[in-house]
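Peer 1: What follows is a predicted protein model with its sequence.
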Amino acid sequence: MAKTAEQFFKELNTECQNHIAAKGHPFLRKFAAGDISADGIKKFAEQYYLFSRWFTRYLSAVVSNIPDEAARRPLVQNLWEEIGLEEKEGSHPNLFRRFVKVAGVDMASLEETDALPCTRAFIDEYLFVCKDGHFLESMGALGPGTEAVVPYFYKPIWEGLKKSGKFSKDDIFFFEAHIELDVEHAHNIQDALMPYADNEENQKLIASGARKILDIRIVLWDGLEKVCCP
């Protein structure tokens, strides 16, 4: 007998929030403790930018695959909040670029910067799940596997950046803002998934997407730990 949708999401969210990619990874612990040099922060900013600059592309890929307008709506809203009026200083892309610039990254050279193997693996898997996966798997990746756990890995990063003394509050506001905003995004995606999460087959698809993204995030954190915290 399948779990109720409510029970399924309760258990899945607990699993995701306790996943080492979200909480307790050595890279996140070192970052929070301030055990990362200015050069390490710069490398993190560079590599994470190479992933995050495509986030609207991942969202768009999922939106295009969702057959139901009601389920599509929260991701369209998320897409607008992510990009909005990009020329405005407070848009999410510009908030992140501000951090990257203050971290010492030459934005002009980023287009020619190679992603590390760990970053490339993360980008490729994320795009594959969002573009080529079943739409329930894709929404599981974006919701329980990403938005719902963002506070758990952005908070230690944010704390470490504050400890470095290199950044103003505005310089790292991107992380602070997403600690709260992505909780709302996660709730909206979960609400959109509720009508589908009433049978075992669909529950497996949603959970599979969440687990795939969390597992590949371990690869990203492992690789960044090696280059940022030697």
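Peer 2: Nice, I can see it.
Peer 1: Tell me the helices and strands packed up against the helix or strand harbouring residue 99.
Peer 2: For residue 99, the host element (DSSP states H and E) is helix 92-102. The elements that helix 92-102 packs onto, with contact taken as 3 or more CB pairs under 8 Å, 6 or more residues apart in numbering; DSSP states H and E, are helix 38-52, helix 69-83, helix 107-110, helix 173-193. C-beta: built from backbone N, CA, C; applies to glycine.
Peer 1: Please name whichever of these is nearest to residue 63.
Peer 2: helix 69-83 (5.0 Å; CB to CB).
Peer 1: Please list the residues outside that closest one that contact it.
Peer 2: For helix 69-83, the external contacting residues (CB atoms under 8 Å, 6 or more residues apart in numbering) are 55-56, 59-60, 62-63, 66, 91-93, 135, 139, 142, 147, 181, 185, 188-189, 191-193, 195-196.
Peer 1: Report the buried residues of whichever helix in the chain runs longest.
Peer 2: For the chain, the longest helix by residue count, based on DSSP state H, is helix 200-228. Going by neighbour count (16 or more other CB atoms under 10 Å), the buried part of helix 200-228 is 202-203, 205-214, 216-221, 223-225, 227-228.
Peer 1: pLDDT at the closest residue to residue 173 other than its chain neighbours, what is it?
Peer 2: The shortest distance from residue 173 to any non-neighbouring residue, by CB to CB, 6 or more residues apart in numbering, is to residue 95 (5.8 Å). Looking at residue 95, its pLDDT is 86.
Peer 1: Sweet, I'm off.
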